[in-house]
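Participant: Okay, sequence plus prediction incoming.
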Amino acid sequence: MSQFAKAPMQHDRFNYSAIVDRPPLRWPNGARLAVWVVPNIEHFLFDRPSSSLVDFTTGFVPDVLNYSWRDFGARVGIWRLMDIMDKHGIKGTVALNSDAATHYPRIIEAGQTLGWEWMGHGMTNSVMINGQSAEEEGQIIKTVIGTIEQATGQRPRGWLSPGLTESQRSLDLLAKAGIDYVANWVNDEQPYPMRVNSGRMLSIPYSLEINDFAAFLLRGQTGEEFARTICDEFDVLYEDGATTGRVMAIALHPFLIGHPHRSKYLDKALAHITSRREVWIATGGEIAAWYTANSNT
């Protein structure tokens, strides 16, 4: 049976909601815009392809060229990104592969010192979430949550799947495991509740547009062009937020944004954002908690 035959033609996770018809959303201290920065800290398996800069070696096992290009993020790029974010007083909400928590304890140690939040991101970015059985997917979620909690002392409240992938049952399994919010659904500028079989689930706005993966690998932008995109997005959302609060996500991958020719422009973009007063620099958990306690939905 094909995946299309297994999936319903329409989902029932939420109703359509036009943002212009919703009650005004207010953030703490009258902020117009909540901004969260999401470093994706990932681990990749050596024996299979994944995100690639060069196509002609992706069929090789191992693909040393692209594997080592990605490995730069954990060895070098993350440290540059941490310095830049700390310079601007920004705490990250890390989309963390649980394998990364095991293999890169030094990164976990540094993130703890910075007060970063840890969000589940599957076990490895070499395995997407979709074709597993219910038992297999449930075990993945259990392993990810348990490994991150053991490594950080914090049970993750949020979840971003590798490649933003889900099965039909993912949201129900995540809610059952105690996850409060997901970032897989990139269809809004405000949080919204999702229907699950038990417990609760909130969708927090994430971005494929303000995302260095799409910017550099799909659109071919330079670091300067990506920074301009960040600033343009921020400026419009800041103005829109005067009427009703918005959320802006900045999705980053250390093996991309961590290169010097790109990071210098991220520094400038974050300086632009933090120079405005009516901005709430938050973590995903803080956004979810505030929305749950204060929204009219």
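Facilitator: Received it, and whenever you're ready, just let me know what you need.

Participant: quick one: Lys261 and Asp172, what's the gap?
Facilitator: Quick fix: residue 261 reads His, not Lys. From His261 across to Asp172, the span is 44 Å (Cβ to Cβ, to the nearest Å). (Glycine included, C-beta is placed from N, CA and C.)

Participant: Those two: which is more packed in?
Facilitator: Taking neighbours as other Cβ atoms under 10 Å, His261 and Asp172 compare with Asp172 leading, 19 against 9.

Participant: Return the residues in contact with the closest residue to that one other than its chain neighbours.
Facilitator: Among residues not flanking Asp172 along the chain, Asn197 sits closest, at 4.4 Å (Cβ to Cβ, 6 or more residues apart in numbering). For Asn197, the contacting residues are Asp172, Ala175, Lys176, by Cβ atoms under 8 Å, 6 or more residues apart in numbering.

Participant: Take those and keep only those in helices.
Facilitator: Judged by DSSP state H, those include Asp172, Ala175, Lys176 as members of helices.

Participant: Pretty sure Gly199 is one of the things the last one touches, is it not?
Facilitator: Yes: shown here, Lys176 and Gly199 form a contact pair, counting by Cβ atoms under 8 Å, at 6.3 Å.

Participant: on that earlier part again, can I get the contacts of Asn197 in TSV with pLDDT and distance to His253?
Facilitator: Below are the contacts of Asn197 laid out as TSV (pLDDT from 0 to 100; distance: Cβ to Cβ, whole Å):
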residue	pLDDT	distance to His253
Asp172	98	29
Ala175	98	27
Lys176	98	29
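
Participant: so which of the residues you listed would you say is closest to Pro24?
Facilitator: Ala175 (27.9 Å; Cβ to Cβ).

Participant: Pull up the gap between that closest one and Ala31, please.
Facilitator: Remark: distance between Ala175 and Ala31 (Cβ to Cβ) = 28 Å.

Participant: repeat for Asp21
Facilitator: Distance of Asp21 to Ala31, given as Cβ to Cβ: 22 Å.

Participant: Same question for Gly153.
Facilitator: With the distance defined as Cβ to Cβ, Gly153 ends up 29 Å from Ala31.

Participant: of those two, who's got more company?
Facilitator: Legend: neighbour count by other Cβ under 10 Å for Gly153 and Ala31, higher for Ala31 (20 against 10).

Participant: just checking, that one touches Glu286?
Facilitator: No: counting by Cβ under 8 Å, Ala31 does not reach Glu286; the two are 11.6 Å apart.

Participant: Could you list the low-pLDDT ranges of the stretch 51-200 of the chain?
Facilitator: Low-confidence segments of the stretch 51-200 of the chain (pLDDT under 70): none present.

Participant: mind listing the helices in it by residue range?
Facilitator: Using DSSP state H, counting those that start in this stretch, the helices of the stretch 51-200 of the chain run over 64-72, 78-87, 98-103, 105-114, 134-152, 170-176.

Participant: of all the ones you listed, which lies closest to Arg277?
Facilitator: helix 78-87 (18.8 Å).

Participant: Just name whatever secondary elements the lengthiest strand in the chain is in contact with.
Facilitator: Counting residues, the longest strand found in the chain (DSSP state E) is strand 33-41. Secondary-structure packing of strand 33-41 (3 or more Cβ pairs under 8 Å, 6 or more residues apart in numbering; DSSP states H and E): helix 78-87, strand 93-96, helix 223-240, strand 246-252, helix 254-257, strand 279-281, helix 284-294.
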